[in-house]
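*Asks:* sequence-free structure coming up:
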Ligand SMILES: Nc1nc2c(c(=O)[nH]1)N[C@H]1C(S)=C(S)[C@@H](COP(=O)(O)O)O[C@H]1N2
Ligand SMILES: [Mo]
């Protein structure tokens, strides 16, 4: 893991990057790996992505069906609750707007679920309007397993623990429920700009 801090050089750079780094964060140039358990390895032939729960007709895509969906290139800053941030990370994936298109639900929250049992809760509206993706490429290459490949959630406006690696679907919920880290005291929402690291922040 490379928890290397890149220094700021000069006033111009300072002002360019000021306002871009959320409070309490520092910049890394490497890409740390943070996983609560072992890295699952699911064969693409067994992989699917589902939207279920509070929905009349659940949706499901196989890997091939998923690859055929419209894709987007995404360049975003990411912010981990352990205080590293990484600027301009480049991804390719499918917008949640595409996946949620036509989904008619009274649900206001989702539980993202992953191979290996990881879960994290997110308000449904935080997944709409160009704010979230299921990403399967990083830097032009298939997403490495340790970073969540074959596919991970990408919700860059929230702390990075909300970006579930090895994601396999979303469960639509009427009420907010804590996911894996949220049950251990992480914040239910996790806005880096308001430093919502732990419950009570
Ligand atoms: N399935 C799963 N997703 C996960 C995690 C995890 O342990 N399991 N860790 C989260 C946390 S705390 C962070 S900071 C990021 C780390 O992603 P990275 O390892 O690609 O840097 O993944 C998030 N998604
Ligand atoms: Mo994290």
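*Replies:* Yes, it's here. All of these numbers come straight from a predicted model, not from anything done at the bench. Ligands and ions are numbered 1, 2, ... in the order given.

*Asks:* Settle this for me: residue 197 is touching residue 184, isn't it.
*Replies:* No - applying Cβ atoms under 8 Å, one finds residue 197 not in contact with residue 184, separated by 12.0 Å. From N, CA and C alone the C-beta is placed, and that goes for glycine too.

*Asks:* neighbour count winner among the two?
*Replies:* residue 197 (19 against 11; other Cβ atoms under 10 Å).

*Asks:* Quick check, pLDDT for the more buried one.
*Replies:* Residue 197 is assigned 98 on the pLDDT scale.

*Asks:* how near is the residue nearest in space to the middle of the chain to ligand 2?
*Replies:* The chain has residue 163 as the residue nearest its centroid, 1.9 Å off, counting by Cα atoms, centre = their mean. Using Cβ to the ion, to the nearest Å, residue 163 is found at 9 Å from ligand 2.

*Asks:* heads up, I number from 44, so please use that
*Replies:* Happy to do that; since the first residue is 44 now, the last one works out to residue 206.

*Asks:* looking just at contacts, which helices and strands does the lengthiest strand in the chain meet?
*Replies:* Ranked by residue count and defined by DSSP state E, the top strand of the chain is strand 127-138. Judged by 3 or more Cβ pairs under 8 Å, 6 or more residues apart in numbering; DSSP states H and E, the packing partners of strand 127-138 are strand 69-70, strand 115-122, strand 176-181.

*Asks:* and those, which is most packed in?
*Replies:* Comparing the helices and strands packed on strand 127-138 by mean neighbour count (mean count of other Cβ atoms under 10 Å), strand 176-181 ranks first with a mean of 23.

*Asks:* any residue of that strand up close to ligand 1?
*Replies:* No - contact of strand 176-181 with ligand 1 (Cβ under 6 Å from any ligand atom) is absent, the minimum separation being 8.4 Å.

*Asks:* Report the angle between that strand and strand 115-122.
*Replies:* 90 degrees (axes from the mean of the first three to the mean of the last three Cα atoms, to 10 degrees).

*Asks:* can you give me how far strand 176-181 is from the chain middle?
*Replies:* Distance of strand 176-181 from its chain centroid, counting by Cα atoms, centre = their mean, to the nearest Å, is 9 Å.

*Asks:* who touches that strand?
*Replies:* 92, 109-110, 115, 117, 132-139, 142, 185-187, 190-197, 210 (Cβ atoms under 8 Å, 6 or more residues apart in numbering).

*Asks:* quick one on the thing from earlier: what would the helices and strands packed on strand 127-138 look like in JSON lines with mean pLDDT?
*Replies:* Formatted as JSON lines, these follow (pLDDT from 0 to 100):
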{"stretch": "strand 69-70", "mean pLDDT": "97"}
{"stretch": "strand 115-122", "mean pLDDT": "98"}
{"stretch": "strand 176-181", "mean pLDDT": "98"}
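
*Asks:* Please consider this matter closed, and thank you.
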